[in-house]
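Enquirer: only geometry, no sequence info:
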C-alpha cells in the first residue's frame, strides 16, 4: 500500500534532516540568515517539524498538537539536541498516523484551505513529502554555504 512507501520516504528524509542538523560544525551557524537567505536551517527544521505534526499528526491523525507557525520562523538558538528530539517525535507521530490509514482513508477528500480546490488525502501526503524534500535541500545548501 502507498502508506508503506510514504513512511519509508518520510523516515528517509527526516533521518537525513537529523544528519544535516548534526553535520553543523558550529551549532550557532544553523541560525544564520542574511539579506539573501531569509530562513535559517534551524527555522526551516522547526517549520518542517511544525508542518508535519500539524498536518499528519493533528489534522489527519487527530493528535492534540497545536501549531504555532509564526514561532517556526521566529524562534532562535534551539539546541541541536532539542531539534533532534523533536524530529524523532515527528517520525513517531508520522509513522503511527500513516500506519492507521486504510486505502479508503487515502481516497477521502481533503481540503487544506477554504479557497483551495479539494484533493485526496493521498495527494496531500505526497505533497507533504515533496515539501519536506524541498526544505531539506535548502538546509543542505545553507549548511554548506554558511557553516564555516
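Expert: Structure received. These numbers come from a predicted model, not from an experiment. Numbering: from 1, shown residues only.

Enquirer: contacts only, for residue 43.
Expert: Listed by CB atoms under 8 Å, 6 or more residues apart in numbering, the contact partners of residue 43 are 31, 33, 72, 73, 74, 75, 76. Bear in mind the C-beta positions are built from the backbone N, C-alpha and C, glycine included.

Enquirer: just say helix, strand or coil for the second one.
Expert: Recorded secondary structure, residue 33: coil (DSSP: H, G, I helix; E, B strand; the rest coil).

Enquirer: buried subset of the contacts of residue 43?
Expert: Among the contacts of residue 43, those buried by neighbour count (16 or more other CB atoms under 10 Å) are 31, 33, 72, 73.

Enquirer: element containing the residue nearest to the spatial centre of the chain?
Expert: Centroid-nearest residue in the chain, with CA atoms, centre = their mean: residue 48, separated by 2.5 Å. Residue 48 belongs to helix 41-52 when assigned by DSSP states H and E.

Enquirer: can you name the element that comes right after that helix?
Expert: Next helix or strand after helix 41-52 toward the C-terminus (DSSP H and E): helix 69-74.

Enquirer: average pLDDT for that following helix, rounded please.
Expert: The average pLDDT for helix 69-74 rounds to 97.

Enquirer: how about residues contacting it?
Expert: With contacts defined as CB under 8 Å, 6+ apart, helix 69-74 is touched by 39, 43, 46, 47, 49, 50, 51, 54.

Enquirer: which SSE is immediately downstream of it?
Expert: Following helix 69-74 in sequence order, the next helix or strand is helix 80-100 (DSSP H and E).

Enquirer: now for the next helix or strand along the chain from that next one, which elements pack on it?
Expert: Counting by DSSP H and E, the next helix or strand C-terminal to helix 80-100 is helix 103-106. Helices and strands touching helix 103-106, by 3 or more CB pairs under 8 Å, 6 or more residues apart in numbering; DSSP states H and E, are helix 121-146.

Enquirer: this completes my enquiry, with thanks.
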